[in-house]
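>>> How does the following fold in three dimensions:
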Amino acid sequence: MSTLVRHGHRVLFIENTGVRRVTLKDLSRLRQRLRNWRNGVKGVRKVMENLYVYAPLVLPFPYSRAARVINKAVMFRMLKRWTKTMQFDNPIIWTWLPTALTLELIKALNGQLVVYYCCDDFQASSSGSARIRETEDVLIKEADLVFAHSKTLFDRCRCLTDQVHVFQYGFNRDVFAVRDERPPLDLASVKRPILGYIGGIHRHVDQALLERVARNHPDKSLVFVGPLQTEVGRLARLSNVHFLGQKRYEELPTYIKHFDVALIPYALNDYTRSVFPTKLNEYLVMGKPVVSTRLPEVEYFNQCHQGIVSVADSPEAFVDRIGEELKRDSEALRVQRIKQVEKNVWGEKIEAMQRLIQAKLDEKIKTREENWQQSLVRFYRASRSTAVALAAVCGLAYGLVFYTPAVWMLAKPLRVVDQPVHADVIVVLAAGIGESGVPSEVYQEKVQQGVALYRQGYAEHLIFSSGVTYVFKEAQLMKALAVNLGVPEHAIILDERGGGNYSSLLNVKRIMETQGWTRMLLVTSSYNGTRSRLIAQRNLSGYSVTLTPAEHSIFFGDERHVLWKHIAAIIHEYGSIVYYWMKGCI
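Numbering: from 1, shown residues only. Got it, this is the predicted structure:
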C-alpha cells in the first residue's frame, strides 16, 4: 500500500478484523489494536502522506450474525464519515480478507472496482477459520480482479473466475540493496559455515528434519532469525543450534549475507501446499544457495526460474543437498541467483497489478459507454411494462368497484340490524362514528331515528352521546333537535365526553348503572354494527343491546357518486376493528 501511495494514490488501510475467535494468546494483539485505536481519531491515524490506517474496534466473533451486524454498523458509519470528510469518493476496494463482514462492507461502500488478493488458504490455516470458504467463494466470484500469491491458490480461484492472476510475494529492493560487510554482533561469534533460516519458528517448521540436519552436520551452525511461535526445546539443546530472536525487517539482509546456505524446512501439509515462502526471494537476491523441502510453490518457482532452488524429497536428501550446495557454490552461481529474482521486487509486481486494475477500469468505462443505449431501452421497456401492469391493476380495481357487487359484499358483514324491542333507553351515538371517521352532519338522521323509536313507545328515555364540538357542542345540538321534534327535555340525558365508539359505550354504561337500566336500543351508523356488538359482548356483560340504525341515510346515500364514501367507511371500519382487537377492547 505504501508503494501505491508513492505512485500517486491515496490509501486507507483497514487493519485485520479476524478470521477466527480470539483466544488468550491473542491478548497482546488486542492490546496493540486498542493502542492503535487510541493513537488515532476514532481509530484512524495518518502514517505518511496520503496513507491512513484505520484500526477498528470490533466484536471478535467473525461468524456471529449479530456481531457482524453490529460491526458493520460501527465500521460503515466511521468509513462513511471519513470518506465524506476526505472526499474519498468511489474508491477501489482491495482486500485480503474474505469474511462475511468484508462482503457486507464492500456492498455498502459501493466502490468502482473490487480486488481480492488471495494470499492464504484460510480454511487450512486453523480450525477456527474453516467456515470462511463459503464467503471466500462468493468474494472470488464477485470480485473484478483476483490476485493469487501461489499457483495452488490460483488453480482454486480459477475454478470460480477467469479474472485471476498469479502474483507471488516479492521483496523490497530498497531494503535488500544494503550491503553491510560486517556481521551482526550476535552472529559474529557463530561458527561457520552457517545454515540459516529467517522467519517465524512455527508449527509448520519441520523440527525433526532440522534436528537431523544439526546432528548430521555437527561442524556447521544452524541459525534461526525470527520469533519463537512454538516449543523448540529439543532443538535448543543442541550445541550447534542458535536462536537469535526477531529482528527488524531492515536488518535481515545483513544476517542473510552471512549465511552459507539458506533453508526452507517446512513440513508438507494442507496449509504449506499453498504457501509461497516469502523468504525465498530474499535468500536468492542475496545470492545464497537455497535448500527446501518439496513444497508445490517452490517447485512452481523453480519452473519459472530455471531450477535455481535445490529441492529435497526426503530428510536424507535434505541433509545431502546442504553438503552439495556448499561444495558447488561459486561467484557465478551467486550472480545467476540474483539475476533470476531481481525482477521479483514489489515495485514491479505492483506496477503490473496497477496495469491490470487500470485495464479493468477502462473496460468498465468502455462497456458503460457502449451499453448506454441498450440500458436506456431496457429502462424504458421496464417502465412501459410497469405502467401497463399498473394500468391493468387500476382497470381491474375500477371494474370490481363500479361494476361488481364487491363493495357491498365487503360491507355486508359490518351491517347489523335488529328488530326493535321495548327497552329502558334509546342510545344515539353521533360524531360520524363508523362512517368516514370524520364528524359530520350525519348526526341529524341518527337523532331522527332515535326520536322515531321514542314516539313508537320503545323506551321513555333518550341518551345522546358525542364529544364533538363545532361552533356548538354536538350533543347539545342533538338535544335541541330532539326537543324541536317533540321530545320533552326531562326524557333526554347527555354524554358530552364521547371519545369514540368504545369510550361512548362505556360512558353510556355508567349512566345506565346509576339509573338502574339494563336494556338499550342502540342507534349508530349502518357500518358500525359489528364493532358495536363486539364491544358490547366484551364490556357490557349483563346488558341487552339491540342495534337499530337508520334505514336510509340522507348524507350517506347509495348513489354511485358517493361510492367512495362507502369505500372509505368500509376501510375505516375494518381498520378500527383490528385496532380495537389489538388494544384488547373487543
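
>>> now the lowest-mean-pLDDT helix or strand in the chain, how far from the centre of its chain.
Least confident helix or strand, the chain: helix 122-125 with a mean of 72, by mean pLDDT, DSSP states H and E. Relative to the chain's own centre, helix 122-125 is displaced by 23 Å; criterion: Cα atoms, centre = their mean, to the nearest Å.

>>> Run through this structure and note the low-pLDDT ranges.
Judged by pLDDT under 70, the chain has its weakly predicted residues at 125-130, 178-180, 431-441, 470-471, 553-562.

>>> Give me the nearest residue to the residue nearest to the spatial centre of it, chain neighbours excluded.
Centroid check for the chain by Cα atoms, centre = their mean gives E104 as the closest residue, at 4.0 Å. Distances taken as Cβ to Cβ, 6 or more residues apart in numbering place K72 nearest to E104, at 4.7 Å, with adjacent residues excluded. All C-beta atoms are positioned from the backbone trio N, CA, C, and that covers glycine.

>>> in what helix or strand does that neighbour lie?
helix 65-85 (DSSP states H and E).

>>> if we can go back for a sec, mind exporting the C-alpha coordinates of whatever helix or strand comes next after the least confident helix or strand of the chain to CSV?
As assigned by DSSP H and E, the chain's next helix or strand after helix 122-125 is helix 133-142. C-alpha atoms of helix 133-142 as CSV (Å, rounded to 0.1, in the frame of the first residue of the first chain):
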residue,chain,number,x,y,z
ARG,A,133,-14.6,-21.0,2.5
GLU,A,134,-18.2,-20.2,1.7
THR,A,135,-17.8,-16.4,1.9
GLU,A,136,-14.4,-16.6,0.1
ASP,A,137,-16.1,-18.3,-2.9
VAL,A,138,-18.6,-15.5,-3.0
LEU,A,139,-15.9,-12.9,-3.0
ILE,A,140,-13.9,-14.6,-5.7
LYS,A,141,-16.9,-14.8,-8.0
GLU,A,142,-17.9,-11.2,-7.4
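
>>> For the stretch 401-550 of the chain, which segments are assigned as helices?
In the stretch 401-550 of the chain, the segments counted as helices under DSSP state H, counting those that start in this stretch are 406-411, 443-455, 474-484, 501-515, 529-539.

>>> ok, residues contacting the helix holding K72?
When contacts are defined by Cβ atoms under 8 Å, 6 or more residues apart in numbering, helix 65-85 is touched by residues 12, 14, 17, 42-44, 52, 54, 56-62, 88-89, 91, 100-101, 104-105, 108-109.

>>> that older thread, is it possible to get TSV of the helices of the stretch 401-550 of the chain that adds distance to V417?
Formatted as TSV, the helices of the stretch 401-550 of the chain follow (distance: least, Cβ to Cβ, whole Å):
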stretch	distance to V417
helix 406-411	13
helix 443-455	12
helix 474-484	22
helix 501-515	17
helix 529-539	7
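
>>> Deepest-packed of these, please.
Mean neighbour count, computed with mean count of other Cβ atoms under 10 Å, is highest for helix 443-455 among the helices of the stretch 401-550 of the chain, reaching a mean of 21.

>>> who's in contact with the closest residue to I14 other than its chain neighbours?
Leaving aside its sequence neighbours, I14 sits nearest to Y54 (Cβ to Cβ, 6+ apart; 4.8 Å). Counting by Cβ under 8 Å, 6+ apart, Y54 touches 12-15, 40, 43-44, 78-79, 82.

>>> any idea which of the residues you listed is the one closest to L34?
G43 (10.0 Å; Cβ to Cβ).

>>> rewinding a little: which one, of the helices of the stretch 401-550 of the chain, ends up nearest to K360?
Proximity to K360 (Cβ to Cβ) singles out helix 406-411 among these, at 56.8 Å.

>>> Which other helices and strands does the helix or strand in which F13 is found contact?
In the assignment (DSSP H and E), F13 maps to strand 11-14. Judged by 3 or more Cβ pairs under 8 Å, 6 or more residues apart in numbering; DSSP states H and E, strand 11-14 is in contact with helix 2-6, strand 51-54, helix 65-85.

>>> Would you convert the ones you listed into TSV that also reports distance to N501?
Output for the helices and strands packed on strand 11-14, formatted as TSV (distance: least, Cβ to Cβ, whole Å):
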stretch	distance to N501
helix 2-6	70
strand 51-54	59
helix 65-85	43
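
>>> winner for burial among the ones you listed?
Comparing the helices and strands packed on strand 11-14 by mean count of other Cβ under 10 Å gives strand 51-54 as most buried, with a mean of 19.

>>> how does the protein divide into domains?
Per automatic domain parsing, the structural domains of the chain span 2-166, 176-344, 374-404, 411-583.

>>> Is the residue nearest to I14 bridged to anything, and to what?
I14, V44 (DSSP bridges).

>>> Could you measure from it over to N281?
Per Cβ to Cβ, to the nearest Å, Y54 is found 30 Å from N281.

>>> got it, and V523?
96 Å.

>>> that older thread, closest to D362 out of the domains of the chain?
Short answer: domain 2-166, nearest of the domains of the chain by Cβ to Cβ, at 10.9 Å.

>>> Please report phi then psi for H258.
phi -100, psi 10 (degrees, to the nearest 10).

>>> I meant to write S375 there.
Dihedral angles (degrees, to the nearest 10) for S375: phi -60, psi -40.

>>> Any idea how many residues pack against it?
11 (other Cβ atoms under 10 Å).

>>> Q163 now?
Q163: 18 neighbours (other Cβ under 10 Å).

>>> And for R38?
Neighbour tally, R38, other Cβ under 10 Å: 11.

>>> a markdown table please, covering the domains of the chain and showing distance to R355.
Compiled in a markdown table, the domains of the chain are given as follows (distance: least, Cβ to Cβ, whole Å):
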| stretch | distance to R355 |
| --- | --- |
| domain 2-166 | 11 |
| domain 176-344 | 15 |
| domain 374-404 | 28 |
| domain 411-583 | 63 |
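
>>> Between those, which one is closest to K364.
Among these, domain 2-166 comes nearest to K364, with 7.4 Å by Cβ to Cβ.

>>> Can you give me the end-to-end span of the closest one?
Distance between the two ends of domain 2-166: 21 Å, counting by Cα to Cα, to the nearest Å.

>>> Any idea how many residues pack against the nearest residue to C119 once chain neighbours are set aside?
If the residues on either side of it in the chain are set aside, C119 comes closest to H149, at 4.4 Å by Cβ to Cβ, 6+ apart. H149 has 21 neighbours, counted by other Cβ under 10 Å.

>>> and H149, what is it in contact with?
Counted by Cβ under 8 Å, 6+ apart, H149 has contacts 117-120, 166-169, 276.

>>> Repeat the analysis, applying 7 Å as the threshold.
Going by Cβ atoms under 7 Å, 6 or more residues apart in numbering, H149 touches 118-119, 167-169, 276.

>>> Can you lay out the residues you listed as TSV showing neighbour count and distance to N501?
Listed next are the contacts of H149 as TSV, based on neighbours: other Cβ atoms under 10 Å; distance: Cβ to Cβ, whole Å:
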residue	neighbour count	distance to N501
C118	25	67
C119	19	69
F167	20	74
Q168	21	79
Y169	18	77
F276	23	78
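
>>> Using CSV, lay out those together with secondary structure and distance to T469.
Converted to CSV, the contacts of H149 look like this (DSSP: H, G, I helix; E, B strand; the rest coil; distance: Cβ to Cβ, whole Å):
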residue, secondary structure, distance to T469
C118, strand, 74
C119, coil, 76
F167, coil, 80
Q168, coil, 85
Y169, coil, 83
F276, coil, 85
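
>>> Nothing else from me, thank you.
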